[in-house]
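Undergrad: can't give you the sequence, but here's the structure:
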């Protein structure tokens with residue numbers, strides 16, 4: 001596969017109806033890996049009620065890296081889903097947004113990664129993740145392909161949820177959308193206040209979350225509500 005059109009055609013042939021979601025997502029991940037030869041492993045993180053799971057993976061490197069983040073409650077795969085922001089890590093050995101996670105990921109052989117948020121399709125938010133054992137190999141073409149694949153993952157997840165949707169699910173969806181809204185507002189406040197980039201603003205938020213052991217959403221909400229970041233958990 002050499003371009004987005006070929007990936008789109010392969011994804012369009014994936015049968016969604018009457019199949020387990022994990023089976024559908026695994027097939028989509030295999031298409032993604034064929035389209036991005038530099039990628040050594042890929043996964044789909046789904047977050048519901050602030051609990052993150054790996055719904056499917058292709059390559060154990062992805063599962064190991066995901067689990068390192070779930071243990072800590074933060075990392076690019078979780079925060080991409082929460083914040084609706086793309087996170088590229090060029091080199092885990094020099095990564096400063098999630099230093100503890102990055103150090104352990106590098107020790108497990110993961111040196112670069114890309115996490116792309118899933119567009120809203122239902123009550124679940126999440127991210128498509130790709131991992132590589134070498135630094136600085138994920139490029140713009142990989143990013144373009146990953147965004148295409150993430151959209152298909154979101155459709156598959158949304159279809160799987162549609163039949164079982166309840167009023168409780170809609171409450172969870174509103175909560176997820178509010179979380180992203182708080183994070184977007186908080187980033188905007190920091191960008192305006194300090195004249196910094198979106199990525200730099202997110203780094204301030206995630207460091208505050210890690211330092212105070214406070215949920216990222218709650219850190220963002222406090223900044224929006226009071227104008228200040230929490231100083232302790």
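TA: Alright, I've got the coordinates. Please read all numbers here as calculations on a predicted model, not as lab measurements.
Undergrad: what about the strands in this protein?
TA: Remark: strands assigned in the chain by DSSP state E are 41-48, 51-58, 87-89, 112-117, 125-132.
Undergrad: packing partners for the last one?
TA: What it means is strand 125-132. Packed against strand 125-132, as judged by 3 or more Cβ pairs under 8 Å, 6 or more residues apart in numbering; DSSP states H and E, are the following elements: strand 41-48, helix 60-72, helix 76-83, strand 112-117, helix 140-162. For glycine as for every other residue, the C-beta is placed from the backbone atoms N, C-alpha and C.
Undergrad: For the nearest residue to residue 222 once chain neighbours are set aside, which residues are in contact?
TA: Leaving aside its chain neighbours, residue 222 sits nearest to residue 230 (5.2 Å; criterion: Cβ to Cβ, 6 or more residues apart in numbering). Listed by Cβ atoms under 8 Å, 6 or more residues apart in numbering, the contact partners of residue 230 are 208, 212, 214, 218, 219, 222.
Undergrad: quick one, longest helix in this protein?
TA: Taking DSSP state H as the criterion, the chain has its longest helix at helix 167-194.
Undergrad: Tell me which other helices or strands that one touches.
TA: helix 76-83, helix 198-212, helix 216-226.
Undergrad: count of neighbours near residue 4?
TA: When neighbours are counted by other Cβ atoms under 10 Å, residue 4 registers 15.
Undergrad: Make sure it is actually in contact with residue 144.
TA: Yes. If you go by Cβ atoms under 8 Å, residue 4 and residue 144 touch, sitting 6.1 Å apart.
Undergrad: Can you measure across stretch 7-20, start residue to end residue?
TA: Using Cα to Cα, to the nearest Å, the span of stretch 7-20 from its first residue to its last is 22 Å.
Undergrad: as a whole number, average confidence for that stretch?
TA: For stretch 7-20, mean pLDDT rounds to 84.
Undergrad: closest to residue 9 out of the helices and strands packed on strand 125-132?
TA: Using Cβ to Cβ as the criterion, the shortest distance between residue 9 and the helices and strands packed on strand 125-132 is 11.1 Å, found for helix 140-162.
Undergrad: so where is this protein shaky, pLDDT-wise?
TA: Within the chain, the stretches with pLDDT under 70 are 1-2, 121-123, 161-174, 233.
Undergrad: can the strands of the chain go into a markdown table with extra columns for distance to residue 155 and mean neighbour count?
TA: Formatted as a markdown table, the strands of the chain follow (distance: least, Cβ to Cβ, whole Å; neighbours: other Cβ atoms under 10 Å):
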| stretch | distance to residue 155 | mean neighbour count |
| --- | --- | --- |
| strand 41-48 | 12 | 25 |
| strand 51-58 | 14 | 20 |
| strand 87-89 | 22 | 22 |
| strand 112-117 | 14 | 26 |
| strand 125-132 | 12 | 29 |
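Undergrad: okay if I get those strands as TSV plus distance to residue 8?
TA: Shown next, in TSV, are the strands of the chain (distance: least, Cβ to Cβ, whole Å):
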stretch	distance to residue 8
strand 41-48	17
strand 51-58	19
strand 87-89	22
strand 112-117	16
strand 125-132	15
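Undergrad: For residue 140, find the nearest of these.
TA: strand 87-89 (10.0 Å).
Undergrad: Can you report how many residues neighbour the closest residue in space to residue 97 that isn't next to it in sequence?
TA: Nearest non-adjacent residue to residue 97, counting by Cβ to Cβ, 6+ apart: residue 203, 4.9 Å away. Counted with other Cβ under 10 Å, the neighbours of residue 203 add up to 16.
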